[in-house]
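In: please work out how this folds:
(one chain, ligands or ions: 2)
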Amino acid sequence: MNGPIGYAIRTESFNAAHRLHSKQLSDEENKQVYGKCNNPNYHGHNYKWTVTLRGPVDLQTGMIYNIAELKHAMQQIMIDIDHKNLDLDVEYFYKKVSTTENLTIYLWESITQLVPRELVHEVKVEETEKNSFVFRGEYSSK
Ligand SMILES: Nc1nc2c(c(=O)[nH]1)N=C([C@H](O)[C@H](O)COP(=O)(O)OP(=O)(O)OP(=O)(O)O)CN2
Ligand SMILES: [Zn+2]
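Out: Ligands and ions are numbered 1, 2, ... in the order given. Predicted structure coming up:
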């Protein structure tokens, strides 16, 4: 039977330090590419992240997914990153540059392990008031 498809959206906040620095580039190239964000002594952000679930609104419960469970999942993920240095404390970033693009993918990979994958529509991270990044689980074939 056809039924309504809805979106459930939850936002959480955390803060973390990082430095944009690629091990595949020389120090000079890193300075050129990342500018002030390559500062060896790191810098910090108050990040906001939003998970959007998309799915059928269950006829019995009236919910797509209990947002309290989404909240718990997001809080569990934040234990590893809140008040942390992403580059030093989070193993995922030992090999990946801690751009917000990569952070968004990290959060996507984390949330899809805790919430049914088929419901996760989008992860958005706001690094500053002006800069935000979105990942929807899409991969190019190249
Ligand atoms: N594609 C990306 N570009 C940049 C990223 C990133 O994650 N992905 N990150 C940075 C820096 O880490 C930093 O977060 C940017 O800070 P800043 O330029 O200060 O941020 P704003 O534009 O919001 O601040 P202004 O007020 O305009 O100075 C850089 N690039
Ligand atoms: Zn930054």
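In: phi, psi of Val33?
Out: Per-residue torsions, Val33: phi -70, psi -50 (degrees, to the nearest 10).
In: how much space between the nearest residue to it once chain neighbours are set aside and Gly137?
Out: Once flanking residues are discounted, Val33 sits nearest to Leu25: 6.5 Å by C-beta to C-beta, 6 or more residues apart in numbering. To be clear about C-beta, it is placed using only N, CA and C from the backbone, and glycine gets the same treatment. To Gly137, Leu25 is 28 Å away according to C-beta to C-beta, to the nearest Å.
In: for burial, what's the neighbour tally of Asn46?
Out: The local packing of Asn46 (other C-beta atoms under 10 Å) involves 12 other residues.
In: cool, the one 4 residues further on as well?
Out: For Thr50, the neighbour count with other C-beta under 10 Å is 17.
In: that one belongs to a strand?
Out: Yes: counting by DSSP: H, G, I helix; E, B strand; the rest coil, Thr50 falls inside a strand.
In: show me where pLDDT drops low in this structure?
Out: In the predicted model, the chain carries pLDDT under 70 at residues 1.
In: quick one, strands of it?
Out: 5-18, 43-56, 84-85, 120-126, 132-135 (DSSP state E).
In: any idea which of these is most buried?
Out: Comparing the strands of the chain by mean neighbour count (mean count of other C-beta atoms under 10 Å), strand 120-126 comes out on top with a mean of 20.
In: that's all I had, so thanks and see you.
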